[in-house]
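Undergrad: this one's structure only:
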């Protein structure tokens, strides 16, 4: 577990019941007053999926670190916090996409490999999210669980067009067909989302190995019932495995404390500089 006076993060990943290899990769770290979390779910034959996801989380975090040296040269007022945080994430993910694409071109057995990604930057009572594919970020506020990302998948498009219900989609054999992924093409559209955080919020980043096995109501029940963050993450993995564990399962849980002491937004850039120790998990 990584924690500060304001934010706690736990990360867990599991191969599941049916897969031989874990193609998910997760990384997270916290500074004094902000936190970063990245989750990737790889795809591709041979070992290409796990290579794609590893490159995704490594390159994204390295890109964020590289930007830190330039952050103190940027004059940012309070109204620009969202824009700059989201731009930072977008650029980092785009660099990761190019790195995966170039790696795939370098070896025949890696051709066509790709990965989903969901990355979150928490800072000064705010949150910026960058995502590609069908890995998700949920928010638990009070007793209400809400998904803040929109799957880039064939099924989601069918649901959006009224051709599938959520329940029908859960049982479709094509539920894992994504319409966007990192590394498949030289360019990719990164979806960006921003939100305010509140004291007591919990955020869940997960691969589809979790939400394919568990309905949102079950995820909500576990998060509401278990006050210990680490135990909540372990129970989510256990429940997914007990429901079949058909894919790799990865979760990152982020807790905003009940009595938050986060700094005002105008100082978030200075505290982003605290990210110097990157921890790789999974």
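TA: Thanks, I have it. It should be emphasised that the depicted structure is a prediction, and the values quoted were computed from it without experimental measurement.
Undergrad: Could you look up the SS state of the residue lying closest to residue 208 once chain neighbours are set aside?
TA: Spatial nearest neighbour of residue 208, excluding adjacent residues (CB to CB, 6 or more residues apart in numbering): residue 134 at 5.3 Å. From N, CA and C alone the C-beta is placed, and that goes for glycine too. Look at residue 134: counting by DSSP: H, G, I helix; E, B strand; the rest coil, its state is coil.
Undergrad: distance of residue 134 from residue 16?
TA: Residue 134 is 16 Å from residue 16, where distance means CB to CB, to the nearest Å.
Undergrad: And the two? Which one has more around it.
TA: Just comparing residue 134 and residue 16: by other CB atoms under 10 Å the higher neighbour count belongs to residue 134, 27 against 23.
Undergrad: dump the residue contacts of the residue lying closest to residue 183 once chain neighbours are set aside.
TA: Closest residue in space to residue 183, ignoring its immediate chain neighbours: residue 100 at 2.9 Å, by CB to CB, 6+ apart. Residue 100 makes contacts with 52, 55, 56, 59, 113, 114, 115, 182, 183, as judged by CB atoms under 8 Å, 6 or more residues apart in numbering.
Undergrad: For the fourth one, what are phi and psi?
TA: Per-residue torsions, residue 59: phi -70, psi -40 (degrees, to the nearest 10).
Undergrad: Nearest residue to the middle of this structure?
TA: When CA atoms, centre = their mean is applied to the chain, the residue found nearest the centroid is residue 118 (3.1 Å).
Undergrad: what about that residue, which helix or strand?
TA: Using DSSP states H and E, residue 118 sits in strand 114-123.
Undergrad: and the longest helix for the chain?
TA: Criterion DSSP state H: the longest helix present in the chain is helix 81-106.
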